[in-house]
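Asks: This is a predicted model, with the sequence first.
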Amino acid sequence: MTEGISQQEQLDTVLSTLNLPPALQIRYWREDDMPAINYLLELQGWPLYPNPEKVWRHSCPTLVAEKDTRVVGYVRGLTDESVIMHIADLIVDANYRGLGIGRLLIETCHLLYPTTIVNLIAEKPAIPFYEAIGFEQLPECFVKKPLQRNNI
Ligand SMILES: CC(C)(COP(=O)(O)OP(=O)(O)OC[C@H]1O[C@@H](n2cnc3c(N)ncnc32)[C@H](O)[C@@H]1OP(=O)(O)O)[C@@H](O)C(=O)NCCC(=O)NCCS
């Protein structure tokens, strides 16, 4: 993020370089988006976090895609702003898939922090999507499971 420019100005600059479909808005997450975010999570069959607002407040960039005032997708990233960005969550409403929204959400995150290398753990069905948008699959990825239950 460039110093001296507000987060919103930086996002507006990035979005002005992208071709957004009609009536689609990409904006920063707000706490009142949480029900819509949880709804998309539930539809996808993914578990809800115990304290999702806290998780989202500690994440960056946190963007939603809104079509005709309805949240139809979101991305939650984690970044040090210069070297690495991890995509923790990405979902597009099943009724709005194939319209380029997933690509736009990832592209927006990367353009906000263009010097970062972007990584993620993909769900198997999403692998062709990540390949289509320029990700390379590496075999050397390691994960370590949590040490205790998350009661935040
Ligand atoms: C994965 C997901 C986010 C993709 O979002 P989307 O908005 O439908 O994707 P886009 O329309 O931006 O697609 C971008 C490109 O990926 C391709 N693509 C998307 N899904 C694909 C699939 N399942 N198989 C093959 N290609 C796919 C598109 O054809 C498009 O390629 P093109 O630009 O060359 O035409 C969406 O399917 C989703 O929410 N899935 C369920 C949740 C999930 O798996 N999230 C990722 C967890 S790691």
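Replies: On my side now, so go ahead.

Asks: residues contacting the closest residue to the ligand within the chain?
Replies: Proximity of the chain to the ligand (C-beta to the nearest ligand atom) peaks at residue 102, 2.4 Å away. Yep, even glycine has a C-beta here, placed from its N, CA and C like the rest. Residue 102 makes contacts with 73, 90, 92, 129, 133, as judged by C-beta atoms under 8 Å, 6 or more residues apart in numbering.

Asks: State whether it is indeed within a helix.
Replies: Yes. Under DSSP: H, G, I helix; E, B strand; the rest coil, residue 102 falls within a helix.

Asks: And the pLDDT at it?
Replies: What the model reports for residue 102 is a pLDDT of 98.

Asks: when you give positions from now on, start the count at 56
Replies: OK, 56 is where the count begins now, so the last one is residue 157.

Asks: do you know how far it is from residue 126?
Replies: For residue 157, the distance to residue 126 equals 14 Å [C-beta to C-beta, to the nearest Å].

Asks: So which bits of the chain are right by the ligand?
Replies: 99, 145-147, 152-158, 175, 177-178, 180-181, 183-184, 187-188 (C-beta under 6 Å from any ligand atom).

Asks: Next step: these restricted to helices.
Replies: Cross-referencing those against helices under DSSP state H gives 99, 156, 157, 158, 183, 184, 187.

Asks: Buried only: go through these for me.
Replies: 156, 157, 184 (16 or more other C-beta atoms under 10 Å).

Asks: pLDDT wise, what is the last one at?
Replies: Spelled out, that is residue 184. Predicted confidence (pLDDT) for residue 184: 98.

Asks: residues in contact with it?
Replies: Per C-beta under 8 Å, 6+ apart, neighbours of residue 184: residue 157.

Asks: Over to the one 3 residues further on?
Replies: With C-beta under 8 Å, 6+ apart as the criterion, the residues that contact residue 187 are residue 158.

Asks: try residue 120
Replies: So residue 120 contacts 79, 80, 81, 126, 127, 128, 129, 147, 151, 156, 159, 160 (C-beta under 8 Å, 6+ apart).

Asks: tell me which element the spatially closest residue to the second one that is not a sequence neighbour falls in.
Replies: Yep, that's residue 80 we're talking about. The shortest distance from residue 80 to any non-neighbouring residue, by C-beta to C-beta, 6 or more residues apart in numbering, is to residue 121 (4.6 Å). Assigned by DSSP states H and E, residue 121 falls within strand 117-122.
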